[in-house]
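S.K.: here are the coordinates; sequence isn't available:
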């Protein structure tokens, strides 16, 4: 009888743990709109869905169309962050010209939006 109770307890524990929320998002971040071209140091507004929060997310300017490369906007570059809107300053070191902007939330890469950093 004790083995049966132990088995039932382990199954219940496994079911409980498997339903616990994880730190990794289950939905891919979706970028919808970005403000007009701006210069390094100026604030850009990015709108979308499932954008997470500043503690587990990062904005990348100057990436290629697959999301590789670019310059991360972190720390003081973050003006505000919500699940649907990010206001961020274009970080130093970002190359001027056309490229893409991405947001990574908990390691999950968003779609990219074309963006032009002006001089």
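M.R.: That came through fine. It should be emphasised that the depicted structure is a prediction, and the values quoted were computed from it without experimental measurement.
S.K.: When you work out contacts or count neighbours from here on, use the C-alpha atoms and nothing else.
M.R.: Will do.
S.K.: Output the longest strand belonging to the protein.
M.R.: If you go by DSSP state E, the chain has its longest strand at strand 97-105.
S.K.: what sits up against it?
M.R.: 24-25, 29, 31, 51-53, 56-65, 67, 109-118 (CA atoms under 8 Å, 6 or more residues apart in numbering).
S.K.: Go again with 6 Å.
M.R.: 52, 56-64, 110, 112-117 (CA atoms under 6 Å, 6 or more residues apart in numbering).
S.K.: List only those of the residues you listed flagged as buried.
M.R.: Among the contacts of strand 97-105, those buried by neighbour count (16 or more other CA atoms under 10 Å) are 52, 57-64, 110, 112-117.
S.K.: so what's residue 46 up against?
M.R.: Listed by CA under 6 Å, 6+ apart, the contact set of residue 46 reads 33-34, 85-86.
S.K.: switch the cut-off to 8 Å
M.R.: By CA under 8 Å, 6+ apart, the contact set of residue 46 is 31-35, 85-87.
S.K.: same question, residue 37
M.R.: If you count contacts by CA under 8 Å, 6+ apart, then residue 37 has 115-118 around it.
S.K.: Among these, name the ones in strands.
M.R.: Among the contacts of residue 37, DSSP E puts 115-118 in strands.
S.K.: got any ranges where the chain has weak pLDDT?
M.R.: Applying pLDDT under 70 to the chain flags the ranges 1, 5-10, 12-25.
S.K.: if we can go back for a sec, can you select the buried ones among the contacts of residue 46 for me in PyMOL?
M.R.: Only the buried entries of the contacts of residue 46 go into this PyMOL selection, using 16+ other CA under 10 Å:
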select buried, resi 31+34+85+86+87
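S.K.: Identify the farthest-apart pair in the contacts of residue 46.
M.R.: Spanning the widest gap among the contacts of residue 46 are 32 and 87, at 13.9 Å by CA to CA.
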